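Participant: coordinates only, sequence not included:
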């Protein structure tokens, strides 16, 4: 069996996020899994690390690639990546979910189209938070 | 204590890599750890997954962010990311190490400068393999 190497990789820097959200690896892990599932991806395993004195990293291994977050609570900053291979899973849906949950004041992102030759850079549409969770 | 949010994220698609290298999660894991250490990063934990009938993913959680690889052995394809925060660790060194080990025929990459506002896209210099390992 052969699989398509086509993939979409959305990288988003978020700013102005609450300290408490960004400093809770367990809470983040839970929402990262939800975000992955919201995109249609299959979660295979998770690594989460709570840093001292603050900060967290969560790496989610997907059947379709990965979802990651690195946080700097003292700066209100989180860097998020969702990279998914194939046509069926849309990484943007995982980003949308996390934006709704984290509610950043500002976001900056790039989308890379991968696995098809020259890597294309696209400006992703990062929506503003639409719900309270 | 506060940390700098500045980070460099090198994304590289590699083509023309040997099937056997790309289909050995254990071998890849070993070299991913070496690559991370070559960049000056500190490895905290690793997830590795061997897919059936072929393919592998390795996610390395670093003190400084992450290093990832997703492989499609049947296509000779691997997608690699190294994202490191701070000034001291250079993700390009991890990429250089992996290019030397994997010896791809072709590479395509982008470098994202993150954690400083608008995300800047830079064309990284991906060297050709220089050693046999």
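Facilitator: Received, thanks. These figures come from a predicted structure and were not determined experimentally.
Participant: Report the contact partners of residue A:13.
Facilitator: For residue A:13, the contact set (Cβ atoms under 8 Å, 6 or more residues apart in numbering or on different chains) comprises A:77, A:78, A:79, A:80, A:107, A:108, A:109, B:114, B:115, B:119. Every residue, glycine included, has its C-beta placed from N, CA and C.
Participant: One more pass at 10 Å, please.
Facilitator: Neighbour list for residue A:13: A:77-80, A:104, A:106-110, A:126, B:5, B:7, B:112, B:114-119 [criterion: Cβ atoms under 10 Å, 6 or more residues apart in numbering or on different chains].
Participant: what is it paired to in the beta sheet?
Facilitator: Note on residue A:13: beta-bridge partners residue A:79, residue A:108, judged by DSSP bridges.
Participant: where in chain A is pLDDT low?
Facilitator: Where chain A drops to pLDDT under 70, the residues are A:1-2, A:130-133.
Participant: remind me, longest helix of it?
Facilitator: Determined from DSSP state H, the single longest helix within chain A is helix A:25-38.
Participant: who does that helix touch, helix- and strand-wise?
Facilitator: helix A:19-22, strand A:43-50, strand A:56-62, strand A:65-72, strand A:77-85, helix A:91-102 (3 or more Cβ pairs under 10 Å, 6 or more residues apart in numbering or on different chains; DSSP states H and E).
Participant: Try it again at 6 Å.
Facilitator: Applying 3 or more Cβ pairs under 6 Å, 6 or more residues apart in numbering or on different chains; DSSP states H and E, we find helix A:25-38 packed against strand A:43-50, strand A:56-62, helix A:91-102.
Participant: Turn these into TSV, columns for distance to chain B and mean neighbour count.
Facilitator: Converted to TSV, the helices and strands packed on helix A:25-38 look like this (distance: least, Cβ to the nearest Cβ, whole Å; neighbours: other Cβ atoms under 10 Å in any protein chain shown):
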stretch	distance to chain B	mean neighbour count
strand A:43-50	5	17
strand A:56-62	5	25
helix A:91-102	13	23
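Participant: As TSV, the ones you listed with distance to residue A:14 would be great.
Facilitator: Formatted as TSV, these follow (distance: least, Cβ to Cβ, whole Å):
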stretch	distance to residue A:14
strand A:43-50	18
strand A:56-62	14
helix A:91-102	6
